[in-house]
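Engineer: Need the 3D shape of this:
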Amino acid sequence: MSRLLDQFLADLAAGLSVIDDASPASDLGFHVAQARDALQTAQRLLPSPAAIASGSAGDGIAGATAAVNAVRDLIESHHGPDRAPLTAYAYAFSTRPAREYLVRRSAELAWEANRIVIVLGRGVEDPGVEAAFANVRSSLAKAAVFGREGTRNADWGIAAFSLALPVEPVQAHGSDDTRDVPERLAEDCDRLSRVAFETLHDRSGHRLSGSDLQQLSRWTAMGRLLSGRLLLRVAEQLPDATIAAVQREAAGALRSSAQAWQQSAAAWHRIVDLADPRAHPKLPPPSYDIVRRGQVVRLPQVVPHPATVIAHTSAVRVGQLLFGAQWRPDGAGRPEARPVREILDDVQGVGALAALLYRLPATGWQLAAAAPLAVKQAQSGLVTDSVEHRPGPDNPGQRRFYPVHHRQLDSLTGTYRAVMPAEQIAAAALLETARQGGASVPRALLDAAAHRNIAAQQPWGHAQTPRPAVRAGIPGLRTQPSALGGGFRL
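Structural biologist: Okay, here's the model as predicted:
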């Protein structure tokens, strides 16, 4: 038992050492280290490990040790081997309130460890061991007091901090349990958020192509439409007219967001990415002369970016909540919506449904912010057959496709910038719906800080916050709720 407790204190001290803050983390770490030294003294004086009674506390210590290590792994998952951030949320712990949250939770663990030491010291007759245990209890009690007193401004929104998942799609299947859909939909949003950050900083070996962006926009638009229909379906049977009206307003905002995404997809209609021509205008069959001369060229088969698959899957998951696990976008006939009671049981209530759907526009804002850079990266391989922008007499050989015009690029990137305010309005409407439904959304604080950080690093951003340092322990970003606009009515 004492060895388990020693390992726990060692891991707790190691977790505090990565928090780059003079106080109160250093004070807490100092007293935890003193407690560990006193515990090791008690271990040396004990005749055998069985000399003290452990009771059932061993399982609790093992669980606490695993939790401390899990928190450290959670934070590290947002950084690469070179300590470079992998997501926009890697900067979350650059704020003092966020670090104070970690210190405060560590202080709570120190207090619980103190209670375990009290149990371990019962029945000890050796004066030296008894004195060592008294020093352990004293140090842990001081650690708990210093940790709690110095963290009154802790940011409790950090509790919503989630693991940075790899950009690997997890497909939706007809055998899925609809009770698992909300969690998997949230994970899809985490993956898409990472795609947006990697695109913004060009840190992915698989860039988004023009075909990827077009398909991503289409599936995202479908996801917003289905989300709006899901809210309208639930609003039909809500006894509270106020909450029903707020849900209809949120559904209208989602419909406006879907229209903005659909317009961004339509902007690709006459543009083809030569590196990935999966999406292209209908081409005429090759002439006899071209076939006879062996000049027929097959279009390359390119693997879609995982983001397009994830966007498709997230739309399917919303449809599963609305129509059932067997639903697919290409299914025949008009599906019948599920009973409202079953939907609310799966998502744990009206407020929780809005909190879940909020993740979609919050993530979509990040994708829309990254899309113009993805267009710029693919610019050299974009061609068009638009009559409006066809070159004049200097067009050699009267080619059908020619390099894309800069006005087309401006129009294309402009559609994605138009998506961003639409997504903000939808997110704000869903947050209000969640509030009316009695659900808190601590994730919104993390998203607000991440969005300000993204805006501050882009040339179009108007935020005055300086770019935070790469390491998550250096101040540079203050997490506060963002002011978002209202929603639209149907």
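Engineer: what's around Ala266, how many residues?
Structural biologist: With neighbours defined by other CB atoms under 10 Å, the count for Ala266 comes to 14. Just so you know, the C-beta spots here come from the backbone N, C-alpha and C atoms, and that holds for glycine as well.
Engineer: start the count at 301, not 1, going forward
Structural biologist: Fine by me, first position is 301 from now on; the one you just mentioned is Ala566.
Engineer: quick one: it from Pro672, how far?
Structural biologist: Note on Ala566: its distance to Pro672, by CB to CB, to the nearest Å, is 17 Å.
Engineer: and the longest helix for the chain?
Structural biologist: helix 706-736 (DSSP state H).
Engineer: average pLDDT across that one?
Structural biologist: For helix 706-736, the mean pLDDT works out to 94.
Engineer: isn't there a strand covering Val683?
Structural biologist: Yes - checked against DSSP: H, G, I helix; E, B strand; the rest coil, Val683 lies within a strand.
Engineer: quick one: contacts for Ser317?
Structural biologist: By CB atoms under 8 Å, 6 or more residues apart in numbering, Ser317 lies in contact with Gly329.
Engineer: Go ahead and confirm Gly737 touches Leu656.
Structural biologist: No - the pair Gly737 and Leu656 does not pass the contact test of CB atoms under 8 Å, sitting 11.3 Å apart.
Engineer: So those two - more neighbours on which side?
Structural biologist: Leu656 (26 against 20).
Engineer: so how far is Leu682 from that one?
Structural biologist: As judged by CB to CB, Leu656 and Leu682 stand 36 Å apart.
Engineer: So which bits of the host helix or strand of Ala338 are buried?
Structural biologist: Using DSSP states H and E, Ala338 maps to helix 325-345. Under the neighbour-count criterion of 16 or more other CB atoms under 10 Å, helix 325-345 has 325-336, 338-343, 345 buried.
Engineer: Which residue comes closest to Val640 once chain neighbours are left out?
Structural biologist: Gln537 (4.6 Å; CB to CB, 6 or more residues apart in numbering).
Engineer: hmm, who's touching stretch 549-559?
Structural biologist: 521-522, 524-525, 527-529, 531-532, 535, 654, 657, 661, 664, 719, 722-723, 725-726, 728-730, 732-733, 786-790.
Engineer: Give me the buried subset of these.
Structural biologist: 521-522, 524-525, 527-529, 531-532, 535, 654, 657, 661, 664, 719, 722-723, 725-726, 728-730, 732-733, 787-788.
Engineer: can you list contacts of stretch 572-584?
Structural biologist: Applying CB under 8 Å, 6+ apart, the contact partners of stretch 572-584 are 509-512, 514-515, 568-570, 599-600, 602, 604, 678, 681-685, 701.
Engineer: Among the residues you listed, name the buried ones.
Structural biologist: By 16+ other CB under 10 Å, the contacts of stretch 572-584 give 509-512, 514-515, 568, 570, 604, 678, 681-685, 701 as buried.
Engineer: In contact with Val675, which residues?
Structural biologist: Neighbours of Val675 in contact, by CB under 8 Å, 6+ apart: 510, 513, 709, 712-713, 716.
Engineer: and if you look at Val467?
Structural biologist: Val467 neighbours (CB under 8 Å, 6+ apart): 491, 494-495, 498, 504, 606-607, 610.
Engineer: how about 10 Å then?
Structural biologist: The neighbourhood of Val467, defined by CB atoms under 10 Å, 6 or more residues apart in numbering, consists of 386, 490-495, 498, 504, 506, 605-607, 609-610.
Engineer: before we move on, back to that, in terms of secondary structure, what does the helix holding Ala338 contact?
Structural biologist: Counting contacts by 3 or more CB pairs under 10 Å, 6 or more residues apart in numbering; DSSP states H and E, helix 325-345 is packed against helix 302-317, helix 396-420, helix 427-449.
Engineer: May I have the next helix or strand after the last one exported as CSV, CA atoms only?
Structural biologist: Right, helix 427-449. Toward the C-terminus, helix 427-449 is succeeded by helix 481-500 as the next helix or strand (DSSP H and E). Provided in CSV are the C-alpha atoms of helix 481-500 (Å, rounded to 0.1, in the frame of the first residue of the first chain):
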residue,chain,number,x,y,z
VAL,A,481,-24.2,8.1,-31.7
PRO,A,482,-23.8,11.4,-29.6
GLU,A,483,-20.4,10.4,-28.3
ARG,A,484,-19.2,9.4,-31.8
LEU,A,485,-20.6,12.5,-33.3
ALA,A,486,-18.6,14.6,-30.8
GLU,A,487,-15.5,12.6,-31.7
ASP,A,488,-16.0,13.3,-35.4
CYS,A,489,-16.0,17.0,-34.5
ASP,A,490,-12.7,16.6,-32.7
ARG,A,491,-11.2,15.0,-35.7
LEU,A,492,-12.4,17.7,-38.1
SER,A,493,-11.1,20.4,-35.7
ARG,A,494,-7.7,18.8,-35.9
VAL,A,495,-7.9,18.7,-39.7
ALA,A,496,-8.7,22.5,-39.7
PHE,A,497,-5.7,23.2,-37.5
GLU,A,498,-3.3,21.1,-39.6
THR,A,499,-4.5,22.8,-42.7
LEU,A,500,-4.0,26.3,-41.2
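Engineer: With adjacent residues omitted, what lies nearest to Gly523?
Structural biologist: The shortest distance from Gly523 to any non-neighbouring residue, by CB to CB, 6+ apart, is to Ala615 (3.9 Å).
Engineer: Share the number of residues neighbouring Arg479, please.
Structural biologist: 12.
Engineer: which one is it nearest to, not counting chain neighbours?
Structural biologist: Asp646 (5.1 Å).
Engineer: Tell me the buried residues in the helix or strand hosting that neighbour?
Structural biologist: Using DSSP H and E, Asp646 falls within helix 640-647. Burial within helix 640-647, assessed by neighbour count using 16+ other CB under 10 Å, is assigned to 643-644, 646-647.
Engineer: what's the neighbour count on Val436?
Structural biologist: By other CB under 10 Å, the residues close to Val436 number 29.
Engineer: Tell me who's in contact with the closest residue to it other than its chain neighbours.
Structural biologist: Of all residues not flanking Val436 in the chain, Ala338 sits nearest, at 4.5 Å (CB to CB, 6+ apart). By CB under 10 Å, 6+ apart, Ala338 lies in contact with 309, 417, 431-440.
Engineer: Please apply the same query to Gly315.
Structural biologist: Under the criterion of CB under 10 Å, 6+ apart, the neighbours of Gly315 are 325, 329, 332, 368-369, 371-372, 375, 402-403, 405-406, 409.
Engineer: Please apply the same query to Asp645.
Structural biologist: 478-479, 639.
Engineer: pretty sure the residue nearest to Gly523 is touching Leu660, no?
Structural biologist: Yes - with contact defined as CB atoms under 10 Å, Ala615 reaches Leu660; the gap is 9.4 Å.
Engineer: The two - which one has more neighbours?
Structural biologist: Under the neighbour definition other CB under 10 Å, Ala615 and Leu660 were set side by side, and Leu660 has more, 28 against 25.
Engineer: where's the more buried one relative to Ser493, distance?
Structural biologist: Using CB to CB, Leu660 is found at 11 Å from Ser493.
Engineer: what's the answer for Leu530, then?
Structural biologist: 21 Å.
Engineer: so Ala637, which of the three states?
Structural biologist: Ala637 - assigned by three-state DSSP - is coil.
Engineer: Nearest residue to it in space, please, no chain neighbours.
Structural biologist: Arg533 is the one closest to Ala637 (CB to CB, 6+ apart), at 5.1 Å.
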